[in-house]
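>>> output the structure for:
(chains A, B, C and D)
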Number of protein chains: 2
Amino acid sequence: MSEPSKSILDQMLCFEVYSTEHAFSRLYKSLLAPLGLTYPQFLVMILLWENDGQTVNGIGGQLGLESSTLTPLLKRMERAGIVLRKRDADDERRVRVSLTEAGDALRHEAKGIGTCVADATGMPEAELKALLLELRKLRNGLAAHNLAAD
Amino acid sequence: MSEPSKSILDQMLCFEVYSTEHAFSRLYKSLLAPLGLTYPQFLVMILLWENDGQTVNGIGGQLGLESSTLTPLLKRMERAGIVLRKRDADDERRVRVSLTEAGDALRHEAKGIGTCVADATGMPEAELKALLLELRKLRNGLAAHNLAAD
DNA sequence: TGCGATTTAATCGTGGACGATTTATTTTGC
DNA sequence: GCAAAATAAATCGTCCACGATTAAATCGCA
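Presented below is the predicted three-dimensional model:
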């Protein structure tokens, strides 16, 4: 009873990840609202700004999302006029997602967001970097375990 | 261009938190499925196993969830026969949530879950503990900023 | 005492997320 | 060259999450 067992620690860690995700989500919501974007939509935009015309699966692979999540999300973005969805002529199974002019223009409006978030953490860069690496290690561990379960 | 700016780092960090949360969520889903629980429901159960008969707001405060999230969630748990929802006789605005026998019994079936998750991380206890503290620091920073925005 | 302000849940609409399934297309194996 | 397998996206049902609003109960204060 004196020391917290590893399993309790783990429960706490999972909850911490869960609630940190909520905190990030709330922060991004307020920053992204003026652009009319949600956080997952913003992630898609980052990928497209970097490399336009990707397929649904390509985007999903990078974000870890299924087509059942992405298809409706991309349709909302299409309705908002920031992306286009078009069947690939060479392989009609694929749908390629590309930026409209409005979508491309959003890139400039999104410039300030990163620094806002960085400031909000209130932590020095080195510490954030270390945290990033530790989290990546954790996620890789979990992902390996998730794969092994199949 | 040579060094990653703090804002890019931050974007990566946020994404890392986001996807680590997904990885945890997937892992817990497979562990909790035999108990018929989702992860947020499991969090509610942990609170009730610790302290039965809490109010909706009391639970929400600890988990950072709104009544608009909890009410339907608790109704599903009630339908599943693991909790009861009852208006407080002293203050009829409050709804008290308590465990049924079946809900209490689940506690034993959930025993092994923590160690499973701890093993899945593949990381030593000390490292997990340090990560927990860093994440808490980050979350507190973000939460402070979220509050200040009001 | 009684009325306005506050507190507590519940409701509604929107958006994310997943698994299972379906449909269409392409690849492969023979 | 064609049937079977594999791949890509979409669809459906369920659940989580939030903000805004509503309804009911309680509190507080004049």
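>>> per-residue pLDDT of the nearest residue in space to residue A:80 that is not next to it in sequence, please?
Using CB to CB, 6 or more residues apart in numbering or on different chains and skipping residues adjacent in sequence, the residue nearest residue A:80 is residue A:36, 6.2 Å away. Every residue, glycine included, has its C-beta placed from N, CA and C. You'll see residue A:36 listed with a pLDDT of 95.
>>> one more: residue A:117?
At residue A:117, the model reports a pLDDT of 82.
>>> and what of residue A:3?
On the pLDDT scale, residue A:3 is placed at 51.
>>> I'd like to know how many residues surround the residue nearest to residue A:80.
By the criterion of other CB atoms under 10 Å in any protein chain shown, residue A:36 has 13 neighbours.
>>> gap between it and residue A:42?
Plainly put, residue A:36 is 10 Å away from residue A:42 if you go by CB to CB, to the nearest Å.
>>> do the same with residue A:78
When distance is defined by CB to CB, residue A:78 is 16 Å away from residue A:42.
>>> these two: who's more crowded?
Neighbour count, other CB under 10 Å: between residue A:78 and residue A:42, residue A:42 has more, with 19 against 15.
>>> any residue of whichever strand or helix holds residue A:59 up close to DNA strand D?
Following DSSP states H and E, the helix or strand that holds residue A:59 is helix A:56-63. Yes - using CB under 7 Å from any atom of the strand, we find that helix A:56-63 touches DNA strand D at A:56-58, A:60.
>>> mind listing what's buried along that helix?
A:56, A:59-60, A:62-63 (16 or more other CB atoms under 10 Å in any protein chain shown).
>>> out of those, who's nearest DNA strand D?
Set against DNA strand D, the nearest of these by CB to the nearest atom of the strand is residue A:56 (3.7 Å).
>>> please name the residues that touch residue A:138.
Contacts for residue A:138 (CB atoms under 8 Å, 6 or more residues apart in numbering or on different chains) come out as B:20, B:121, B:123, B:128, B:131.
>>> just to revisit the earlier point, quick one, phi/psi of the residue nearest to residue A:80?
phi 70, psi 30 (degrees, to the nearest 10).
>>> on that earlier part again, output the helix holding residue A:59 as PDB, nothing but the C-alphas.
Taking C-alpha atoms only, helix A:56-63 is exported to PDB below (Å, rounded to 0.1, in the frame of the first residue of the first chain):
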ATOM      1  CA  VAL A  56      -7.800   9.400 -48.300                       C
ATOM      2  CA  ASN A  57      -5.800   6.400 -47.100                       C
ATOM      3  CA  GLY A  58      -2.600   8.400 -47.400                       C
ATOM      4  CA  ILE A  59      -4.000  11.000 -45.000                       C
ATOM      5  CA  GLY A  60      -5.500   8.400 -42.800                       C
ATOM      6  CA  GLY A  61      -2.200   6.500 -42.500                       C
ATOM      7  CA  GLN A  62      -0.400   9.600 -41.300                       C
ATOM      8  CA  LEU A  63      -3.100  10.600 -38.800                       C
END
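>>> how is chain A carved up into domains?
According to automatic domain parsing, chain A comprises the domains A:1-35, A:36-105.
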